[in-house]
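Student: Give me a 3D structure for the following:
(one chain, ligands or ions: 1)
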Amino acid sequence: MPQKVIILIGPPGSGKDTQADLLEKEPGVVHLKSSKIIEDNFRADPENPEIKKQIEIKNSGGLVDPPMVQRWIKEAINKTHSSGSGIIFSGSPRTLLEAEEELPVLESLYGKENIIGLDIILSEDESVKRNSSRRVCKANSHPVPNFPEYDNLTACPEDGSEIIIRADDNVETAKHRYNVYLEQTKPVVDYLKKNNFRVVDINGEQSIADVHRDILNSLHDS
Ligand SMILES: [Zn+2]
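Tutor: This next block holds a predicted model:
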């Protein structure tokens with residue numbers, strides 16, 4: 001079976017990173033995380049003046065140069081393809097511009113028929129609810145996933161400390177994040193459809209296990 005490229009797209013709180021981690025347990029696919037690609041490139045060439053500058057930008061809360069990140073992502077795509085693996089994306093492409101850069105590369109390597117977009121659907125209300133009541137542990141801020149399976153958790157499984165609601169997460173911030181998603185990332189779904197890539201809607205308002213099952217079914221249908 002040819003290797004697949006699975007692009008998970010969804011608003012904040014849709015659990016796409018959790019789903020990507022679950023999918024990575026399937027044989028023959030690797031989860032490509034933009035944050036990890038950036039860290040690996042920083043580590044590979046720390047004395048390079050341009051890299052030094054980017055590390056400073058990142059440490060002061062800025063955005064690492066987007067064209068540079070795109071180049072690194074494309075290198076990671078090529079390397080993963082050469083190793084014979086498929087790819088799972090959960091945070092890239094994040095914008096239409098990134099989609100226009102990455103999809104032609106992916107298509108030339110893997111073939112259009114092996115690329116699938118999974119659009120995890122979550123209403124604004126649910127996204128806001130999940131993100132404005134984010135629960136973390138008191139001692140180390142370990143996040144508690146926003147899913148019913150964890151509703152009754154009162155102590156951190158890792159350090160036993162109390163579970164609290166993080167004060168800096170509020171409704172306005174969560175609404176803003178959802179709208180940024182609609183404006184910047186949702187167009188990636190339109191791009192995929194317009195260019196005849198397969199896109200499957202996944203109901204994100206279910207348990208982690210049910211979302212995972214729906215995703216596996218959509219992959220096996222293709
Ligand atoms: Zn903890």
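Student: list the contacts for the residue nearest to the spatial centre of the chain?
Tutor: Central residue of the chain (CA atoms, centre = their mean): Ser90, 2.4 Å from the mean position. Ser90 makes contact with Leu8, Lys16, Asp17, Gln19, Ala20, His31, Lys33, according to CB atoms under 8 Å, 6 or more residues apart in numbering. Placement of C-beta: from N, CA and C, glycine included.
Student: would you list every one of the helices in this structure?
Tutor: 16-23, 34-44, 49-59, 66-82, 96-110, 124-132, 171-180, 186-194, 208-220 (DSSP state H).
Student: Tell me which of those approaches Ile164 most closely.
Tutor: Closest to Ile164 of those, according to CB to CB: helix 124-132, at 14.1 Å.
Student: The closest one relative to helix 171-180, how many degrees between them?
Tutor: Interaxial angle of helix 124-132 relative to helix 171-180 (axes from the mean of the first three to the mean of the last three CA atoms, to 10 degrees): 120 degrees.
Student: what are the C-alpha coordinates of helix 124-132, in CSV please?
Tutor: The C-alpha coordinates for helix 124-132 follow below in CSV (Å, rounded to 0.1, in the frame of the first residue of the first chain):
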residue,chain,number,x,y,z
GLU,A,124,-17.3,28.1,18.1
ASP,A,125,-19.3,27.5,21.4
GLU,A,126,-17.6,24.2,22.0
SER,A,127,-14.1,25.5,21.1
VAL,A,128,-14.6,28.4,23.4
LYS,A,129,-15.9,26.2,26.2
ARG,A,130,-13.0,23.8,25.9
ASN,A,131,-10.4,26.6,25.8
SER,A,132,-11.7,29.1,28.3
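Student: Can you name the residues of this structure that neighbour the ion?
Tutor: Counting by CB under 5 Å from the ion, the residues of the chain close to the ion are Cys137, Asn140, His142, Cys156, Glu158, Asp159.
Student: same thing but at 8 Å, please
Tutor: Proximity of the chain to the ion (CB under 8 Å from the ion) is limited to residues 136-142, 156-161.
Student: Out of the residues you listed, flag the one nearest to Ser207.
Tutor: Pro157 (17.9 Å).
Student: Count the neighbours of that closest one for me.
Tutor: Pro157 has 10 neighbours, counted by other CB atoms under 10 Å.
Student: cool, and Lys175?
Tutor: With other CB under 10 Å as criterion, Lys175 counts 16.
Student: which ones are touching it?
Tutor: Here Lys175 is in contact with Glu124, Val128 (CB under 8 Å, 6+ apart).
Student: Please tell me how far it sits from Asp45.
Tutor: According to CB to CB, to the nearest Å, Lys175 and Asp45 sit 40 Å apart.
Student: What of Lys52?
Tutor: From Lys52 over to Asp45 the distance is 9 Å, taken as CB to CB.
Student: Tell me which of these two has more neighbours.
Tutor: More crowded of Lys52 and Asp45, by other CB under 10 Å: Lys52, with 13 against 10.
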